[in-house]
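Asks: Any chance you can model this:
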Amino acid sequence: MSVSKNWSYIVGIQIIIQLFGFNHAVLAQNLNQPNNLDQAETLGQPVNSNPNPYPINNPLNSLQKLLSPETIPNKAPLSVPALTFVDVTSGQFGKLEINLEQARFQDTAVENLHLVASNFDITQGKLSSLDIGIIGGHVQDFIFDKLNLSSNNEMYFDSNDFLTQKTLTFTTPVQANVYAEISQKSLNSFLNAPNTLNRLSATANGKVAMIANMFGVNSNNLGFSVMGLEANLASHNQLKLNLDTRLGLGQNTAVVPVEASAVISLANGWITLNDTHLITAGQELPAPIANMLVSKINNLAKFNDNSRDISFQFTRLTVQPNRKFLLSGQATINKLRFGKN
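Replies: Numbering: from 1, shown residues only. Prediction:
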């Protein structure tokens, strides 16, 4: 073998030594031994009858053995401990802030909800202030454009209820300032919801049977249905309604357009409708039907009696004609629910 070839071979072996850390002494010993027929002839040594170019202690054999799959240990996967970013069960927050956009839940929805709780301590079950602002709230069929609740009094709640029932159950009812806006558009959406129209309508019951007897017809064939209505906010806190109604007597159904007017006011801290009048287009509604419809219209405003979680005591009502009406006052909060239980 020429000197240049031999030198290239040695340089290549040196590179392997640097990469894989072979022992220089072993390599030096192996370099003194022939590794092919040409090198043996050049050194004047007898040719080995067993033409094995790689003796056992050849560094290339060691490299081959090193890279063999049998020599690579099976590495077990690394065990990464669980990371708890927020431990709610032991949380103490100087400020807890939640902001929701276009949120949809089982029977409620909000365009925007912003909640801020200060010094919220779950371990002690207390907080120092609470502010809740809602824009575009939908609670089943009822719609409000704005609702704000704010309390700066120290509040205490049941920590266990909060963690297990997703409910802020206050040990002492919380008093909060409340402000609400309901637009004429939102009011019409509520009044034309199927559930609301069904509440305004009347089918066979005790009152209908009494009316049917006046006309000498079978009460099962008598029905009074409201198909739709339009509400308009007017001056002097008046609410004007145009109702599309159907009155069924026996086999006949009569279209009865009704114009109603009422005065929106506050009674016992809640909205009420007073001085309700009905005017028909060329027809006079029988007094029992008129009274029944007036009662149903008035009952639409009775929401405050149904909730044990929160009750409102409004002290101010302002009607802006053809736009909206505004409410402000106090709210008593017993519970705030953040889930079904």
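
Asks: Can you name every helix or strand that the host helix or strand of residue 186 contacts?
Replies: If you go by DSSP states H and E, residue 186 is part of helix 184-191. Judged by 3 or more C-beta pairs under 8 Å, 6 or more residues apart in numbering; DSSP states H and E, helix 184-191 is in contact with strand 142-151, strand 223-234. From N, CA and C alone the C-beta is placed, and that goes for glycine too.

Asks: what is the orientation angle of the helix or strand that the last one is followed by with helix 184-191?
Replies: From strand 223-234 onward toward the C-terminus, using DSSP H and E, the following helix or strand is strand 238-249. Between the axis of strand 238-249 and that of helix 184-191 there is an angle of 30 degrees, by axes from the mean of the first three to the mean of the last three C-alpha atoms, to 10 degrees.

Asks: outside of strand 238-249, which residues touch it?
Replies: Outside strand 238-249, the residues that touch it by C-beta atoms under 8 Å, 6 or more residues apart in numbering are 191, 200, 215, 217, 221-234, 253-264, 273, 289, 297, 319.

Asks: one more time with 6 Å
Replies: 215, 217, 222-232, 234, 253-254, 256, 258-264 (C-beta atoms under 6 Å, 6 or more residues apart in numbering).

Asks: Tell me where the model's unsure across the stretch 201-341 of the chain.
Replies: 203-223, 248-252, 281-289, 302-306, 339-341 (pLDDT under 70).

Asks: how about the helices in it?
Replies: Using DSSP state H, counting those that start in this stretch, the helices of the stretch 201-341 of the chain run over 206-215, 287-299.

Asks: Give the buried residues for the longest one.
Replies: So that's helix 287-299. 289-290, 292-294, 296-297 (16 or more other C-beta atoms under 10 Å).

Asks: so what's residue 240 bridging to?
Replies: Under DSSP bridges, the beta-bridge partners of residue 240 are residue 232, residue 261.

Asks: how close does it get to residue 319?
Replies: Distance, residue 240 to residue 319, using C-beta to C-beta, to the nearest Å: 12 Å.

Asks: When those two are compared, which one has more neighbours?
Replies: The neighbour comparison of residue 240 against residue 319 (other C-beta atoms under 10 Å) goes to residue 319, with 20 against 13.

Asks: Please identify the most buried of the helices and strands packed on helix 184-191.
Replies: strand 142-151 (a mean of 18; mean count of other C-beta atoms under 10 Å).

Asks: Give me the sheet partners of that one and which way each runs.
Replies: Strand 142-151 pairs in its sheet with strand 129-139 (antiparallel), strand 167-183 (antiparallel), by DSSP bridges.
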